[in-house]
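[1] Next input, structure requested:
(one chain, ligands or ions: 1)
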Amino acid sequence: MTKRSTDTAPFPVCPDDELVLNEPRAAETPWGPVAVVRTGTGVYAVTDRCSHADVELSDGFVEGDTLECPAHFSRFCLRTGDALTLPAAEPVDTWTVTVLDGVISVAPRP
Ligand code: FES
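    Have a look, this model is predicted:
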């Protein structure tokens, strides 16, 4: 059965033990691309497109609980999605993350 884009049940993206600290991982979901990141404080997921241009944030750099765009170096808060530095001025969407039975799953926030 195919998952519909209106379905908000968590979607599995990777085994928990394969997500390396501070190394963003790209995943495709029924709702679009997502960047999943493990930091020192937890596992976060944001839409895998910079709000400034069509660039994958999963190619970016993690520092603390922020993710820096690889193109023009805007930094986004992984907790809130807020753009913390220019040139990006708009936030990116944050996603709900669940870890169950060793699997990381994500879902868009309602
Ligand atoms: S594309 Fe991300 S800051 Fe410009």
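[2] list the buried ones in the longest strand seen in the chain?
    Longest strand in the chain by number of residues (criterion: DSSP state E): strand 32-39. Judged by neighbour count using 16 or more other CB atoms under 10 Å, the buried positions of strand 32-39 are Val34, Ala35, Val36, Val37, Arg38, Thr39. Where you see a C-beta, it was placed from the backbone N, CA and C, and this is true even at glycine.
[3] got a pLDDT number for the last one?
    In this prediction, Thr39 carries a pLDDT score of 98.
[4] from now on call the first residue 818
    OK, 818 is where the count begins now, so the last one is Thr856.
[5] What is the neighbour count of Val830?
    Around Val830 there are 21 other residues, counting by other CB atoms under 10 Å.
[6] Pull the contacting residues for the closest residue to it other than its chain neighbours.
    The shortest distance from Val830 to any residue other than its chain neighbours is 3.9 Å, reached at Ala844 (CB to CB, 6 or more residues apart in numbering). If you count contacts by CB atoms under 8 Å, 6 or more residues apart in numbering, Ala844 has them with Val830, Cys831, Pro850, Val851, Ala852, Val853, Asp865, Val923.
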